[in-house]
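Q: this one's structure only:
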Ligand code: ADP
């Protein structure tokens, strides 16, 4: 029997019209070297219409790709609204890719126009002669360098247009945004989000069982808009009336603390390495004030237990962990303890990757693809499916990443009866010692709890007897000392004996990926080249 309900496409333009109407006076704040620039949702949506008119004037048609090579700022928000709503596709370019990878993704995506922040011109200029599909480059801010050849000025283009661009009626399944994975193995792969998937993802982000973004929020967006759409928050902001603070290039602990104190966000989102910086910077900043925040969100990598405890105990601040991937838009799981959990046990849930959010399904399978029990013990690979989960990659076949309509995440761990996921490793980072898995994530989390340790990453190194053993790469805090023996003894009572790393190395810093996670691929390569001085305990 047919329902009697109306039907209608779930489109980004619906998000715009809702936000610009109900929340017309809500603001987006962009931090600049000369102070904070403000614009209301109303102003931003009018400017998005002018941008769409300008792009149409440059010949951008339905389905064309418009690249953004930008920090988190107001103009980037305008592109987020304008480009998909005019029927084109916003390709968010990662400003930290190596030049050859950047050229690869622009060529693979066949971008026809790129909008670039003037401060990023030198990076794009390196590959300007390798991206033949790009017909126009629009510069946000004065282009005084000329390094990109002929460019168009963002404000001049908008100034020449009038607001009132008619957003076309689109099919909700059409492409809206594309984002490439950072390509830790091989070339980056493109994920193409639809209007529908982004719309549904925004609703999920507003739900109180996930991160519950709402009108009374002001979000500090530390996660870049080129890293899985800043985890979806730009759209959720317009949809819910939550204001946004865009930090542009001011992403170190000190400036973030200042922004939090002065602009008083209620929530903030970033990867754990950023929060580690903030935590350490706060120690020497008597004016650090986190009282405006109801919680902070960390995702993209495992969050060490001590970090959650440190924010809670020193600053009275809740850190909410989330799990997701570029392929999952990214919201997959959020670690909110079940109702009724006694306060002292909350941390045991908060350290998990998350609890599966409404709208997606998650399961764990073994090597043969058999589904394993949800008992918190059976360990295997996570698979996920749902309306905001990728079902394919753009323009490449990757059958090994899909299984009976589920996305294979490449993450290894357990799922329990209450829907909590625990990640012990990414499949490419696992350590298999004598046929048994050792969780690098768990070891890192525990070593980082040592007071002398700033950061630690654990990788597998070859071993004649056990096949692989863990090597613990440690960065000590400035002025702190700790020997390999001391750290080993600190770990000893906390993990099984055979997990204890016998190999240790002390580094100045852990290499980071383009989105700020520990880059274990680089660590493995450096180790293989003999670049580390390794202490081996007997
Ligand atoms: P990249 O591949 O460059 O790291 P993604 O952001 O798509 O880019 O990474 C997704 C991966 O990040 C996941 O597959 C998982 O391994 C890791 N990850 C994300 N959130 C968590 C978390 N809360 N705990 C552990 N790992 C996480």
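A: Done, it's in. Keep in mind it's a predicted model, so treat the numbers as computed, not measured. Numbers count the residues shown, from 1 in each chain.
Q: every contact and neighbour count from this point should use C-alpha atoms.
A: Will do.
Q: residues contacting the residue nearest to the spatial centre of the chain?
A: Nearest to the geometric centre of the chain sits residue 227, at 4.6 Å (Cα atoms, centre = their mean). For residue 227, the contact set (Cα atoms under 8 Å, 6 or more residues apart in numbering) comprises 94, 179, 326, 515.
Q: count the residues that sit near residue 526.
A: By other Cα atoms under 10 Å, 12 other residues sit near residue 526.
Q: before we move on, what about the one 4 residues further on?
A: Residue 530 sits with 10 neighbouring residues when counted by other Cα under 10 Å.
Q: mind checking the SS state of it?
A: The three-state label given to residue 530 by DSSP: H, G, I helix; E, B strand; the rest coil is coil.
Q: now, which of the contacts of residue 227 lie within strands?
A: Among these, the members falling in strands (DSSP state E) are residue 179.
Q: got a winner among the contacts of residue 227 for most neighbours?
A: Among those, the one with the most neighbours (other Cα under 10 Å) is residue 179, at 28 neighbours.
Q: got a pLDDT number for that one?
A: pLDDT recorded at residue 179 is 98.
Q: tell me if stretch 381-390 is near the ligand.
A: No. With Cα under 6 Å from any ligand atom as the criterion, the ligand is not reached by stretch 381-390; the gap is at least 9.3 Å.
Q: in the host helix or strand of residue 197, which residues are buried?
A: In the assignment (DSSP states H and E), residue 197 maps to helix 195-206. Buried residues in helix 195-206, counted by 16 or more other Cα atoms under 10 Å: 195, 196, 197, 198, 199, 200, 201, 202, 204, 205, 206.
Q: pull out the buried positions in stretch 391-408.
A: Of all the residues in stretch 391-408, those buried under the rule 16+ other Cα under 10 Å are 391, 392, 393, 394, 402, 406, 407, 408.
Q: surely the fifth one and residue 410 touch.
A: No. Taking Cα atoms under 8 Å as the contact criterion, residue 402 and residue 410 are not neighbours in contact, 10.5 Å apart.
Q: what residues does the chain have near the ligand?
A: 181-182, 299-302, 321-326, 353, 409, 411, 423, 426.
Q: try 5 Å this time
A: 182, 299, 300, 301, 302, 322, 323, 324, 325, 326, 353, 426 (Cα under 5 Å from any ligand atom).
Q: now the buried members of these.
A: In the residues of the chain next to the ligand, burial by neighbour count holds for 182, 299, 300, 301, 302, 322, 323, 324, 325, 326, 353, 426, counting by 16+ other Cα under 10 Å.
Q: and the two most separated of the residues you listed?
A: Maximum pairwise distance in these, criterion Cα to Cα, is 20.5 Å, between 182 and 353.
Q: for residue 256, give me the backbone phi and psi.
A: Main-chain torsions, residue 256, degrees, to the nearest 10: phi -70, psi -40.
Q: kindly state the pLDDT recorded for it?
A: 98.
Q: distance of it relative to residue 178?
A: Separation of residue 256 from residue 178 (Cα to Cα, to the nearest Å): 28 Å.
Q: the two: which is more packed in?
A: Neighbours were counted for residue 256 and for residue 178 using other Cα under 10 Å; residue 178 has more, 25 against 22.
Q: and residue 473, what element?
A: Secondary structure assigned from DSSP H and E places residue 473 in strand 467-476.
Q: who are the packing partners of that strand?
A: For strand 467-476, the elements it packs on are strand 431-433, strand 453-463, strand 503-506, judged by 3 or more Cα pairs under 8 Å, 6 or more residues apart in numbering; DSSP states H and E.
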